[in-house]
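Trainee: sequence unknown, structure follows:
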């Protein structure tokens, strides 16, 4: 049954996953190549500066990839009002695990593409003295970030429009309270506090809070 | 319109001058902690006293007997309204915002006092430090920034210092005179990068021709790069391998290793700057440089690997969210 679920999710997401895989392979190759100067000696400061300009693309694509696969996993089921899932001879929790695992397996494809791109880019780079290449560390961070956002959005996607509505109301409330707080000078800073918790030591998005550089000091 | 604008600026300037010029209006109290004497507004006495005690403890720790020389001076705490720009106050007046914390007061007192100690006694150290005598407890920030400079400098002097050759550390820190720094501190790649950077600031390189710059930056002619760097105006120096932060780090390293009386020894010692710093540190110059380098390397930022803690937190959240997804009983 897992193969059937995996195959249907592959059909729904394959175009996006292939595009993402090619883009993620090209990201480190292009960024590292642009940081250097052909066969001339590379300058550490310029390498870091150049790579820093590309760095935000790693966490952004990780979040987008997780979001995309999570929402696609549920969108067809929501449209069909879960008739397909209810017709299967498995309990609900089992079906949810199948969906989650299938999405997880599919997410590995672009992550592996990124890993190969990073290995290729850093192996062919003239890393300046004082800097080191971190292809495996960046891949591991990317993998964890993708799966955290996937797991988070899987729960949201599973809840359908109702849960998305609740979340939007909550975000709107935080914005309104933040504006009120700023006008009145109360110093509550709700948005900052929530953001700090999300990337704090125990926050779910902690793995996103890092320097996303394939070559670093 | 212009007249209105000028009138507004005049009013603002007058308000600023008012704030700077009549700081002692209102009731003031005199505080004495150690050799420090500070005149502070009555409503800021508590916070000024807390700052002074902390500052005095640090000053005696690092400056030793030199700090006692302050006994004849009185500093004045001047409070500025928020929004009033921090103009350079008179000598020995702490111009601080009236919402300043004790930590800010400590930093300002330390800054002024170290200035007072060097004033009229020794200018070579201050010149070498680019007139930025560091706050002794900023060592971690200084070391981190020095590491960044050492690891990313264009200069071969900095690179060799990074790799452990202390004689190049002396050069990179500006502790020994260097003839023809463009040739000594930089290799062909570094010279090309320097020309490229300097060329971006066109006013500095008005005498350079596009042809020569192209020969250097595009065609990689080291002869062209060297000629261009030799043709720099007298007021443009070849960039030093390491900035003033690295020097400040060596200064605070010497004081920290020398302990009590370190600055006294620095002020009275004869010899080159490095010999004086070594005297302050109470150890040979190579030991001081090695300690400086070790401190800088130890301050390297952590590599961008995923720490075990971050890894487990991420896995825990993934597990928790899967459990939430599985345990839901509603389909929508």
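Mentor: Looks like it came in fine. These numbers were taken from a predicted model, which means no experiment stands behind them. Numbering: from 1, shown residues only, chains lettered A, B, ... in the order given.

Trainee: ok, now which ones touch the residue in the stretch 101-250 of chain B that chain A sits nearest to?
Mentor: Proximity of the stretch 101-250 of chain B to chain A (CB to the nearest CB) peaks at residue B:151, 3.2 Å away. For the C-beta atoms, the positions are set from N, CA and C on the backbone; glycine is no exception. Residues near residue B:151 by CB atoms under 8 Å, 6 or more residues apart in numbering or on different chains: A:44, A:129-131, A:217, B:162, B:300.

Trainee: at 7 Å instead, please
Mentor: A:44, A:130-131, A:217, B:162 (CB atoms under 7 Å, 6 or more residues apart in numbering or on different chains).

Trainee: and for residue A:134?
Mentor: Residue A:134 makes contact with A:214, A:216, B:303-305, according to CB under 7 Å, 6+ apart.

Trainee: do the same with residue B:40
Mentor: By CB under 7 Å, 6+ apart, the neighbours of residue B:40 are B:28-29, B:31, B:48, B:77.

Trainee: now it, what's its secondary structure?
Mentor: What DSSP: H, G, I helix; E, B strand; the rest coil gives for residue B:40 is strand.

Trainee: nearest residue to residue A:50 in space, please, no chain neighbours.
Mentor: residue A:35 (3.9 Å; CB to CB, 6 or more residues apart in numbering or on different chains).

Trainee: and that neighbour, what pLDDT?
Mentor: On pLDDT, residue A:35 comes in at 73.

Trainee: same deal with residue A:190?
Mentor: Residue A:190 is given a pLDDT of 79.

Trainee: re earlier: who wins for most neighbours among the contacts of residue A:134?
Mentor: residue A:214 (29 neighbours; other CB atoms under 10 Å in any protein chain shown).

Trainee: does that one touch residue A:27 like I think?
Mentor: No. Assessed by CB atoms under 7 Å, residue A:214 is found out of contact with residue A:27, at 9.2 Å.

Trainee: in chain A, where is pLDDT below threshold?
Mentor: Residue ranges of chain A with pLDDT under 70: A:36-42, A:86, A:185-187.

Trainee: chain B contacts on that one?
Mentor: Within chain A, the residues that sit near chain B (CB under 7 Å from any CB of the partner chain) are A:40-41, A:43-45, A:48, A:78, A:82, A:92-93, A:96-97, A:100, A:129-132, A:134, A:137, A:140-141, A:144, A:147-148, A:151-152, A:154-155, A:158, A:160, A:162, A:202, A:204, A:206-207, A:210-211, A:213, A:216-217.

Trainee: which non-adjacent residue is nearest the closest residue to chain B within chain A?
Mentor: As assessed by CB to the nearest CB, chain B sits closest to residue A:130 within chain A, at 3.2 Å. Computed as CB to CB, 6+ apart, the closest residue to residue A:130 that is not its neighbour in sequence is residue B:151, at 3.2 Å.

Trainee: is it true that the one you found lies in a helix?
Mentor: Yes. Residue B:151: assigned to a helix according to three-state DSSP.

Trainee: quick one: it from residue B:161, how far?
Mentor: 11 Å (CB to CB, to the nearest Å).

Trainee: quick check: buried residues in stretch B:105-121?
Mentor: Going by neighbour count (16 or more other CB atoms under 10 Å in any protein chain shown), the buried part of stretch B:105-121 is B:105-114, B:116-118.

Trainee: circling back: could you dump the contacts of residue B:151 into CSV with distance to residue A:194 added?
Mentor: As requested, these are exported to CSV (distance: CB to CB, whole Å):
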residue, distance to residue A:194
A:44, 37
A:130, 38
A:131, 35
A:217, 31
B:162, 41
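
Trainee: residue boundaries of the strands in the chain?
Mentor: Assuming you mean chain A. A:132-133, A:215-216 (DSSP state E).

Trainee: ah, I was thinking of chain B
Mentor: Going by DSSP E, chain B shows strands at B:28-33, B:36-41, B:75-80, B:93-97.

Trainee: report the angle between the second one and strand B:28-33.
Mentor: Note on geometry: by axes from the mean of the first three to the mean of the last three CA atoms, to 10 degrees, strand B:36-41 and strand B:28-33 are set 150 degrees apart in direction.

Trainee: quick one: residues contacting the residue nearest the centre of chain A.
Mentor: Residue closest to the average C-alpha location in chain A (CA atoms, centre = their mean): residue A:62, at 1.9 Å. With contact taken as CB under 7 Å, 6+ apart, residue A:62 is in contact with A:142, A:145-146, A:149.

Trainee: 6 Å - rerun?
Mentor: A:142, A:145-146 (CB atoms under 6 Å, 6 or more residues apart in numbering or on different chains).

Trainee: same question, residue B:282
Mentor: Residue B:282 touches residue B:258, counting by CB under 6 Å, 6+ apart.

Trainee: tell me the residues of the stretch 101-250 of chain B that contact chain A?
Mentor: Taking CB under 6 Å from any CB of the partner chain, the part of the stretch 101-250 of chain B that reaches chain A is made up of B:151-152, B:154, B:159, B:162, B:189, B:193.

Trainee: those in helices, which ones?
Mentor: Counting by DSSP state H, the members of those that fall within helices are B:151-152, B:159, B:162, B:189, B:193.

Trainee: would TSV of the residues you listed with pLDDT be doable?
Mentor: Formatted as TSV, these follow (pLDDT from 0 to 100):
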residue	pLDDT
B:151	84
B:152	82
B:159	88
B:162	91
B:189	84
B:193	83
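
Trainee: in stretch B:35-53, which residues are buried?
Mentor: B:35-41, B:44-45, B:47-53.

Trainee: then stretch B:173-183?
Mentor: B:173-175, B:178, B:181-182.

Trainee: ok, residues contacting it?
Mentor: Contacts of stretch B:173-183 (CB under 6 Å, 6+ apart): B:170-171, B:184, B:229, B:238, B:240, B:246-247, B:273-274.

Trainee: got the end-to-end distance for it?
Mentor: 17 Å (CA to CA, to the nearest Å).

Trainee: now it: mean pLDDT?
Mentor: Rounded mean pLDDT across stretch B:173-183 is 89.

Trainee: quick one on the thing from earlier: next up, the contacts around the residue nearest to residue A:50.
Mentor: Taking CB under 6 Å, 6+ apart as the test, what residue A:35 contacts is A:47, A:50-51.

Trainee: what about it, distance to residue A:216?
Mentor: 12 Å.

Trainee: start and end of stretch B:148-165, how far apart?
Mentor: By CA to CA, one end of stretch B:148-165 lies 18 Å from the other end.

Trainee: where does the stretch 51-200 of chain B have low pLDDT?
Mentor: B:62-103, B:120-122, B:135-140.

Trainee: what about 50?
Mentor: B:81-90 (pLDDT under 50).
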